[in-house]
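Colleague: Following is a predicted model, sequence given first.
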Amino acid sequence: MDVHNVEMVMSAVSASQYPTDGKPEIALVGRSNVGKSSLTNTLIQRKNFARTSSQPGKTQTLNFYDVEDKLYFVDVPGYGYAKVSKAQREAFGVMIEEYITSRKQLRGVISLVDARHEPSEDDISMYEWLHYYNIPILVVATKSDKISRGKFNKAESVIKKALGFDNEDSDFQFFSSETKYGKDEVWHWIEQHI
Ligand SMILES: Nc1nc2c(ncn2[C@@H]2O[C@H](COP(=O)(O)OP(=O)(O)OP(=O)(O)O)[C@@H](O)[C@H]2O)c(=O)[nH]1
Ligand SMILES: [Mg+2]
């Protein structure tokens with residue numbers, strides 16, 4: 001999709017603040033610093049619209065981005081960031097769970113993992129949890145510019161094995177916000193699901 005118009009319409013911490021116009025939504029989840037906001041920027045063809053940072057924990061609310069008046073991207077706070085207090089981590093957990101389990105407009109979740117590493121316990125729990133709720137999942141292995149193409153097959157099987165990936169119900173894509181690798185494929189998946 002060629003994106004011309006994007007607007008950050010809401011920074012929500014609870015359901016009463018979600019947009020009410022019923023447009024389909026695609027949410028982005030993953031560890032802090034994995035590259036969720038960067039992926040959002042790549043898809044909407046902006047440099048730093050969704051604010052990114054080399055410091056983890058940048059995104060702290062559910063941020064709804066209206067894309068072309070057609071759908072919302074929902075940028076979700078990252079999990080697994082040790083320096084966030086336990087109370088705050090629990091609050092994030094409640095906020096994310098409330099959104100994922102109750103949101104009728106949610107058409108699919110893009111679950112980001114780091115292409116270079118085996119998924120963390122949190123990545124595995126997130127995948128299992130989304131799968132349990134029958135939410136369409138696209139696992140995006142990002143920062144793929146940091147590994148050579150020759151390592152893609154191996155990295156993909158390591159990630160899928162650790163996640164207990166269901167090839168029938170979920171999809172997988174390498175991605176890079178640096179090189180834009182995988183951008184069209186991610187858009188294609190989104191368009192098929194909204
Ligand atoms: N090389 C490379 N760096 C990336 C890529 N995607 C993100 N980064 C870098 O990783 C860091 C974190 O990116 P963000 O997009 O802010 O990560 P986030 O998942 O939104 O982080 P939180 O908001 O803290 O949860 C930044 O320094 C980005 O420049 C990528 O595909 N390749
Ligand atoms: Mg972010």
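Modeller: Noted; the coordinates are in hand. Ligands and ions are numbered 1, 2, ... in the order given.
Colleague: Could you pull out the strands in this structure for me?
Modeller: Here the chain has its strands, by DSSP state E, at 6-12, 25-30, 62-67, 71-75, 106-114, 137-142, 170-174.
Colleague: Figure out which of the ones you listed is closest to ligand 2.
Modeller: Relative to ligand 2, the nearest member of these by Cβ to the ion is strand 71-75, separated by 5.9 Å. Using the backbone N, CA and C atoms, a C-beta is placed for each residue, glycine as well.
Colleague: hang on, the earlier thing: and the strands of the chain, which one averages the lowest pLDDT?
Modeller: Of all the strands of the chain, mean pLDDT reaches its minimum on strand 6-12 (a mean of 85).
Colleague: So what touches that strand?
Modeller: 17-19, 44, 46, 49-50, 61-68, 72 (Cβ atoms under 8 Å, 6 or more residues apart in numbering).
Colleague: Give me the distance between the closest residue in space to D69 that isn't next to it in sequence and R46.
Modeller: Residue nearest to D69 in three dimensions, not counting chain neighbours: N5, with 6.7 Å by Cβ to Cβ, 6 or more residues apart in numbering. Distance, N5 to R46, by Cβ to Cβ, to the nearest Å: 11 Å.
Colleague: the more surrounded of those two?
Modeller: Legend: neighbour count by other Cβ atoms under 10 Å for N5 and R46, higher for R46 (13 against 10).
Colleague: how near is G108 to V139?
Modeller: 11 Å.
Colleague: scratch that, M8 is what I was asking about
Modeller: 26 Å.
Colleague: Give me the more crowded residue out of those two.
Modeller: The neighbour comparison of M8 against V139 (other Cβ under 10 Å) goes to V139, with 24 against 14.
Colleague: follow-up on the earlier one: quick one: closest of the strands of the chain to ligand 1.
Modeller: Among the strands of the chain, the nearest to ligand 1 by Cβ to the nearest ligand atom is strand 137-142 (4.8 Å).
Colleague: before we move on, the earlier item: could the strands of the chain go into CSV alongside distance to S157?
Modeller: What follows is the strands of the chain, written out as CSV (distance: least, Cβ to Cβ, whole Å):
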stretch, distance to S157
strand 6-12, 35
strand 25-30, 20
strand 62-67, 33
strand 71-75, 29
strand 106-114, 13
strand 137-142, 11
strand 170-174, 10
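Colleague: To L163, which of those lies closest?
Modeller: Closest of the strands of the chain to L163 is strand 137-142, at 6.8 Å (criterion: Cβ to Cβ).
Colleague: so who does the residue of the chain found nearest ligand 1 touch?
Modeller: Closest approach between the chain and ligand 1, counting by Cβ to the nearest ligand atom: G78, at 2.6 Å. G78 is in contact with G30, R31, S32, N33, V34, K36, P56, G57, T59, counting by Cβ under 8 Å, 6+ apart.
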